[in-house]
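# Here's my sequence, what's the structure:
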Amino acid sequence: MKKQRLKAVALTTVLSASALVGSVALADQTLDEILQVSQAKTTLARDSQKRIDRLSQETEDLLVQFKQVNKQVEDMRVYNSQLEKQIAAQLAVIKDLDESIENVTVIERRIQPLVMRMLDGLEQFVKLDKPFKIDDRLARIEMLRNNQDRADISVAEKFRQVLEAYKIESDYGRFIEAYRDTLEVGGQEREVNILRIGRVSLMYQTTDTESSGAWDPTQGAWVELDDSYRSTILKGLRIARNEASKDIMFVPVQAPEAAK
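Now for the predicted structure:
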């Protein structure tokens, strides 16, 4: 009886030990599974964090790009606005130029006849004026007439040349001048010194100073002067050549006429 009881206790102990071993094995298996699941979650969390970090960086990069593009768009808007103003100004200039071209065409048609009339008047004036440097002055007018037929010279330049000729003629009345020329004196050609006092008086004196004369507009000819003008003309020639200081001179002039 006692042996049976011992056997039962032993059997119970064995069964308990087996159960304990089984429980420990089951516990170890469950812990491994928990650790594996935890590791998997950790891996998933790490991967998720990497994706989150990558998406955050991409978002930040996109934000920076957006700001840059937005700044470029704003700059382009300002630039386009400025270009529109410039284009509008250029269109206004083009319009003004078109109108100016049309006006120039009209002006050219009016200037050309005016230039020709100015040359006619200048030529008539020279022929009626005292005959100093007459060949040079008429040659200048002839050159200006020939220029009117040249296509390589603009109308503005032709007009400027005529105005320059008028200025030259105007300057003749402001200065005194001395130069050599050849005149008929006493029935023969003589080399003379010409003295021009503006347009007030035009005189000559032979190179040997023996004969002197002056232009008489009323007669349209040279008239001989007496010896009293000899020293005066010599003095005037020296002044004109800057060989003597300026001084008062008594020269023959045309008497004023009453207006008609």
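
# So the most centrally placed residue in the chain: helix, strand or coil?
Geometric centre of the chain, nearest residue: Val93, 14.9 Å, by Cα atoms, centre = their mean. Put simply, Val93 is helix when judged by DSSP: H, G, I helix; E, B strand; the rest coil.

# so who does it touch?
Val93 makes no contacts at all, as judged by Cβ atoms under 8 Å, 6 or more residues apart in numbering. Placement of C-beta: from N, CA and C, glycine included.

# gap between the least confident helix or strand in the chain by mean pLDDT and the chain center?
Least confident helix or strand of the chain, by mean pLDDT, DSSP states H and E, is helix 2-128 with a mean of 76. From the chain centre to the centre of helix 2-128 is a distance of 44 Å (Cα atoms, centre = their mean, to the nearest Å).

# what's the answer for stretch 154-169, then?
On Cα atoms, centre = their mean, the centre of stretch 154-169 falls 25 Å from the chain's centre.

# Leu122 reaches Glu169, doesn't it?
Yes. The criterion here is Cβ atoms under 8 Å, and Leu122 meets it with Glu169 at 6.8 Å.

# more neighbours, the two?
Neighbour totals were compared for Leu122 and Glu169, and Leu122 leads with 20 against 17 (other Cβ atoms under 10 Å).

# Distance of the more buried one relative to Arg196?
To Arg196, Leu122 is 18 Å away according to Cβ to Cβ, to the nearest Å.

# repeat for Lys50
108 Å.

# For the two, indicate the residue with more neighbours.
Arg196 (23 against 10).

# What is the three-state secondary structure of the more buried one?
Assigned by three-state DSSP, the conformation of Arg196 is strand.

# ditto for Trp215
strand.

# so what's it up against?
130-131, 202-203, 221-223.

# how about 7 Å then?
Residues near Trp215 by Cβ atoms under 7 Å, 6 or more residues apart in numbering: 130-131, 202, 222.

# Most neighbours among the residues you listed, which one?
Among these, Leu202 has the most neighbours (other Cβ under 10 Å), with 23 neighbours.

# And that residue, which helix or strand is it part of?
strand 201-206 (DSSP states H and E).

# Distance from that strand to the middle of the chain?
In terms of Cα atoms, centre = their mean, the centre of strand 201-206 is found 52 Å from the chain centre.

# Listing partners with orientation, what would you give for that strand?
The strands that strand 201-206 pairs with in its sheet are strand 188-197 (antiparallel), strand 212-216 (antiparallel) (by DSSP bridges).

# for it, what is the average pLDDT?
Strand 201-206 carries an average pLDDT of 93.
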